[in-house]
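Q: The following comprises the amino acid sequence and a computationally predicted model.
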Amino acid sequence: MTAPLPPDAAPAAAPGQRTAAAGRVGEAAPRPDGVPKVTGAFAYSSDLRHQDMLFGHTLRSPHPHARITGIDLSGALAVPGVRAVLTHRDLPAATRYGLDVPDQPVLAEGLVRYQGEPVALVAAEDAATARRAAGRIRVGYAPLPVVRDEATATAPGAPVLHPGRTDRYAARAPHPNVVHRQPVVRGDVARARREADVIVTGEYEVGMQDQAFLGPESGLAVPAADGGVDLFVATQWLHMDRAQLAPVLGLPEEKVRLTLAGVGGAFGAREDLSVQAHACLLALRTGRPVTMVYGREESFFGHVHRHPARMRYEHGAARDGRLLYVRARIVLDGGAYTSSSAAVVGNAASLGAGPYRVPHADIDALALYTNNPPCGAMRGFGAVQACFGYEPQMDKLAAALGMDPVVLRQRNALSQGSVMPTGQRVDAPAPVADLLRRVAARPLPPAPPAGPGQDPDPRTLPGGLGRTTRGEDVVRGVGYAVGVKNVGFSEGFDDYATARVRLALAGGEPVAAVHTALAEVGQGGVTVQEQIARTELGGVRVTVEPADTCVGSAGSTSASRQTYMTGGAVKRACEAVRAEVLRRAGARLGRRPGDLRLADGAVVAADGRTVAALADVLAACGPVTAEREFRHRPTEPFDPETGQGNGHVQYSFCAHRAVVDVDTALGLVRVVELAAAQDAGRAVNPPAVAGQIHGASAQGLGLAVMEEIVVGEDARVGNPSFTDYLVPTALDVPPMPLDVLELADERAPYGLRGIGEAPALSAAPAIVAAIRQATGRALRRVPVRPEHLTDTG
């Protein structure tokens, strides 16, 4: 029997609220969690409380690579208030887990592979006691040489971080420290190279970006009377969490029950496990509820990050600007464990030529095991790194040809019917050239007044209120970029979502209750489910039940897939409910169901006349429930040697124009404007679409000029705090004018297109292109720092 969630543990404003009455598909709809979040009433997972709960804490390795020579727990066990101390010896069943490959230890056993790897767990009566006890655990370490990059990972005699690999990627890996390699080969690059009139090459680097969500990893595990456990947690994928947890806990999946707690942002970092296994292990050991909440520094060590990348590109073109070939090598740093690196490699390779027609391609992408922090999913997922490779190349090519960079991009732009380097045909609208036209056609923002006698507002200049300049050394630049991102899970993954919808009377009025496992992480998925149910069921009031594992999987809130996938499942379930309601109404009224529809709480005939109140039909015939799964069209794995195959479900495109001002004396940058144009297919909730584009663009801005986890030559993190890891604030984010197109993809529900990631691709290269134009510097790496823009760099 499922243990009930204590009243004081319930997420006060989590996704189970009454909804507003207005807002169908295509209309603006208010978010039910909006007001609670703005006013501070929303309960996040870190706010969960239980009257009898303990506090958990994790002891982590200070070394990036070391053998554990011994662990002494006596000091921790002697601390008053400590109720449990666990190491790998206390694990009841499976000792490893993983999103793709189960290679990550629940607790380190004999070896640590990155700084911050979990070694031991403590549960105590309060958080301070748990931390103090963890600090009294004595661990002996024998440091080992670190693997930090491709040279140290593949050198003769390099330490093999995962000896004896048997995972599905191991046999094809060119070296044991290569997680996965995916080539994409099409046409004859050697011949195209001989025929090219202009060839440009470039080497580019992307730093390690953090998701920087505000809500830290947290959860509450409650042991149940049946020997199972109920976990209330901030996550992106409830069912995948359960699939990894059950073997670790030694329990059948039905005894591991997860409920989504309030999530304070995700962006990919909550796809992998963090507190889940540790909190459950402590709860089952002590027989008491256990809460775990990471501090900010621990959060930097407790989740995956964006893969750093080193890339080499070569583009060849004819004199008229036609792209003839692209050759690229993309090396991603996966860190210590597999996580989702293989899928990131697949994206980087398959999207590595960008949104352009390229008849000949030779792209090679791979990810490495290193002793750097583990890397995995982050918004853009491999396509961000590739975009910072191919877009600077297009600017270089335009300069070599004497062409306008926008015109060159438009000349080679993908369109519907174009063929990708993987051989997959683009079979839905691909308005790449039009997106570029729209951002280029916008009026440029005015320059701030500068020069003798001028006193410009400091907020309009680089350095802002620091008043570092009056504009005397400030130059302006304009840059463009466009990117392509896949939507949904790819390469043959069985991607589906489940929805259960029940239409019944509540207080005398018809109410539709929607139940899915969709993880609401701030993207507005709850609102979308409501909109779809209102649309399909004639505007009835809708409630969305809390997401949990008592219903079938919704898949991950990632890959820009939830509106497409879970939205599709809700649509199908609502259609089934509607069909049954109309069947029952028709039988009762002596009418054909096909001549009836639902509208505004009534059953309506074909001529528009109301023939029955929906409440009366439900009162007479009872509630109607339907559960449905939705699957997108099948995909297939890329060929392991050529990368050919229909690997993706859908493509999403976004273009940016960036305008920047650069203080060339101090190397300070102000992004003046960041205009975007994107095709949404169908804007299900237009304000939410704008919010997604703005948010992704802001993260791209951070990657361009601010955000990087600094990892030293010793594989240690140098800035695990928001003091030293800088993210854009309201003063850094510029006006972001938008053009949102709605060109329907006929294979998608309502014709929609996933939109949450594509803007994260093109924002950074557009900003860096603008800085290059302003300064004349090559700028091959992001983030761009002040020393890169002055003679001191």
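A: Nice, I can see it. Numbers count the residues shown, from 1 in each chain.

Q: Skipping its backbone neighbours, what lies nearest G754 in space?
A: Leaving aside its sequence neighbours, G754 sits nearest to S560 (C-beta to C-beta, 6 or more residues apart in numbering; 2.8 Å). For every residue, glycine as well, the C-beta is placed using N, CA and C.

Q: Touching, that neighbour and Q523? I think so.
A: No: with contact taken as C-beta atoms under 8 Å, S560 and Q523 are classed as non-touching, separated by 9.3 Å.

Q: buried set for the strand or helix carrying K396?
A: Take DSSP states H and E as the rule and K396 turns out to sit in helix 383-401. Residues of helix 383-401 classed as buried by neighbour count (16 or more other C-beta atoms under 10 Å): 383-398, 401.

Q: before we move on, the earlier item: residues in contact with both of S560 and Q523, list them for me.
A: Here S560 and Q523 have G756 as joint contacts, going by C-beta atoms under 8 Å, 6 or more residues apart in numbering.

Q: and these two? which has more neighbours close in?
A: Between S560 and Q523, S560 has the larger neighbour count (other C-beta atoms under 10 Å), namely 26 against 23.

Q: Tell me how far the closest residue to R467 other than its chain neighbours lies from V662.
A: Distance criterion C-beta to C-beta, 6+ apart; nearest residue to R467, sequence neighbours excluded, is P458 at 4.9 Å. Here P458 is placed at a distance of 16 Å from V662 (C-beta to C-beta, to the nearest Å).

Q: Have a look at the two and say which one is more surrounded.
A: Taking other C-beta under 10 Å, P458 and V662 do not tie; V662 has more neighbours (26 against 17).

Q: was I right about R131 contacting H57?
A: Yes: the criterion here is C-beta under 8 Å, and R131 meets it with H57 at 5.3 Å.

Q: Between the two, which has more neighbouring residues?
A: A count of neighbours by other C-beta under 10 Å puts H57 above the other of R131 and H57, at 26 against 16.

Q: That one should be in a helix, yeah?
A: No: the assignment for H57, made by DSSP: H, G, I helix; E, B strand; the rest coil, is strand rather than a helix.

Q: quick one: pLDDT of I137?
A: Per-residue pLDDT puts I137 at 98.

Q: quick one: contacts for it?
A: Residues counted as contacts of I137 (C-beta under 8 Å, 6+ apart) are 59, 71-73, 75-76, 85, 119-120, 122.

Q: which ones among the residues you listed are found in strands?
A: Those of the contacts of I137 mapping onto strands are 59, 71-72, 85, 119-120, 122, per DSSP state E.

Q: which of these lies closest to H632?
A: For H632, the nearest member of the ones in strands among the contacts of I137 is V119. The distance, counting by C-beta to C-beta, is 41.5 Å.

Q: which ones are touching that closest one?
A: Contacts of V119 (C-beta under 8 Å, 6+ apart): 59-61, 68, 71, 87, 107-108, 112, 137, 139.

Q: if we can go back for a sec, who wins for most neighbours among the ones in strands among the contacts of I137?
A: Counting by other C-beta under 10 Å, top hit in those: V122 with 30 neighbours.

Q: Can you name the residues bridging to that one?
A: Counting by DSSP bridges, V122 is bridged to H57, V85.

Q: Quick check: the gap between it and A76.
A: Distance, V122 to A76, using C-beta to C-beta: 6 Å.

Q: Equivalent analysis for R132, please.
A: Separation of R132 from A76 (C-beta to C-beta) stands at 9 Å.

Q: more neighbours, those two?
A: A76 (22 against 18).
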